[in-house]
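**Q** One predicted model, sequence on top.
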Amino acid sequence: MPVTDRELHIKGLNIDWDKIDRGSYLRGIASISGMDSLRFNKPVTFFVGENGSGKSTMLEAIAVAYGFNPEGGTKNYMFSTYDSHSELCGAIRLVKGRHKPGWGYFLRAESFYNVATAEEEYSKGPGGRPMHLHEKSHGESFLATAQANFKPNGVYLLDEPEAALSPQRQLTLLYQIAECAGAGSQFIIVTHSPILLALPGAEILSFDDGPVHACDYEDTDSFKITEMFINRRELILRQLLRPEE
């Protein structure tokens, strides 16, 4: 059974723009620049939008403000290979629920190799269980990390988790997200995947066309472009690849 709105671990956030430099690039991101607050209403929230729309910037800021390593992992991961997160994390105040989650994980496609390397090092300690992630394919190690860390009553922030996964594995991930959310966990996910976005009952927030706003599944570019390509593939390819006149 999905958690209710009152039981969400992260209920929302507020942004103090006085803590952000006047010349910061954040002020030029249309989806974020006018935002003072954001509220979450469902156990699973998807961030959608075109590349550069600010969705990953927002997710990363939430993750760092919550206490996760900017490059990913659990709150116990303390490594750093490249300091790239924005100053937004320092300007965000999270609105948390009453119940403390038992576990959490920040999963990023962009820096997963670094996380996998750190995972191998941490597993060498007392009680560690090596996952041998570098011995698996990228997709296998990505899914194995998700499966090992998805637990009831947790907080999970995922940045483009579909990047390493086949369509079939995306369906596996969708099922596991649904199962975990139904056991009291909360997910905030950046994705372009029309498969993951189809999760019933999820909240979809668009970072396109101005301020962040809710949208329906059928109104996402991920769905519309995929549907158009499947139904009109030959016409689209003919127009896209035709020789220049």
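**A** Received the coordinates, thanks. Residues are numbered from 1 along each chain as shown.
**Q** By mean pLDDT, which helix or strand of the chain comes out lowest?
**A** For the chain, scoring each helix and strand by mean pLDDT, DSSP states H and E identifies helix 112-122 as the least confident one, at a mean of 54.
**Q** so how far is the longest helix along the chain off the chain centroid?
**A** In the chain, taking DSSP state H as the definition, the longest helix is helix 167-181. Its chain's C-alpha centre and that of helix 167-181 lie 14 Å apart, by Cα atoms, centre = their mean, to the nearest Å.
**Q** what about the strands in this structure?
**A** In order along the chain, the chain carries the following strands (DSSP state E): 10-15, 37-39, 44-48, 92-96, 103-108, 154-159, 186-190, 203-206, 213-214.
**Q** ok, of these, where does mean pLDDT dip lowest?
**A** The weakest mean pLDDT among the strands of the chain belongs to strand 103-108, with a mean of 87.
**Q** Just want the angle from that strand to strand 186-190.
**A** 0 degrees (axes from the mean of the first three to the mean of the last three Cα atoms, to 10 degrees).
**Q** contact partners of strand 103-108?
**A** Residues outside strand 103-108 that contact it (Cβ atoms under 8 Å, 6 or more residues apart in numbering): 60, 63, 66, 68-69, 71-75, 115, 142, 145-146, 149-151, 153-161. Just so you know, the C-beta spots here come from the backbone N, C-alpha and C atoms, and that holds for glycine as well.
**Q** picking up where we left off before, next, format the strands of the chain as TSV and append distance to residue 230 and mean neighbour count.
**A** Shown next, in TSV, are the strands of the chain (distance: least, Cβ to Cβ, whole Å; neighbours: other Cβ atoms under 10 Å):
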stretch	distance to residue 230	mean neighbour count
strand 10-15	35	18
strand 37-39	33	14
strand 44-48	19	24
strand 92-96	39	15
strand 103-108	28	23
strand 154-159	25	23
strand 186-190	23	24
strand 203-206	20	21
strand 213-214	26	12
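**Q** Please identify the buried residues of the longest helix of the chain?
**A** Of the residues in helix 167-181, 169, 170, 173, 174, 177, 178, 180, 181 count as buried by neighbour count, 16 or more other Cβ atoms under 10 Å.
**Q** surely the first one meets residue 141?
**A** No. Residue 169 is not in contact with residue 141 according to Cβ atoms under 8 Å; the separation is 11.6 Å.
**Q** Bridged to residue 213, which residues?
**A** As for beta bridges, residue 213 partners with residue 206 under DSSP bridges.
**Q** Isn't residue 27 up against residue 35?
**A** No. Judged on Cβ under 8 Å, residue 27 makes no contact with residue 35 at a distance of 11.1 Å.
**Q** Compare the two (neighbour count), which wins?
**A** Neighbours of residue 27 and residue 35, each counted by other Cβ atoms under 10 Å, are more numerous for residue 35; the result is 16 against 13.
**Q** Check the gap between that one and residue 67 for me.
**A** The gap separating residue 35 from residue 67 is 22 Å, by Cβ to Cβ, to the nearest Å.
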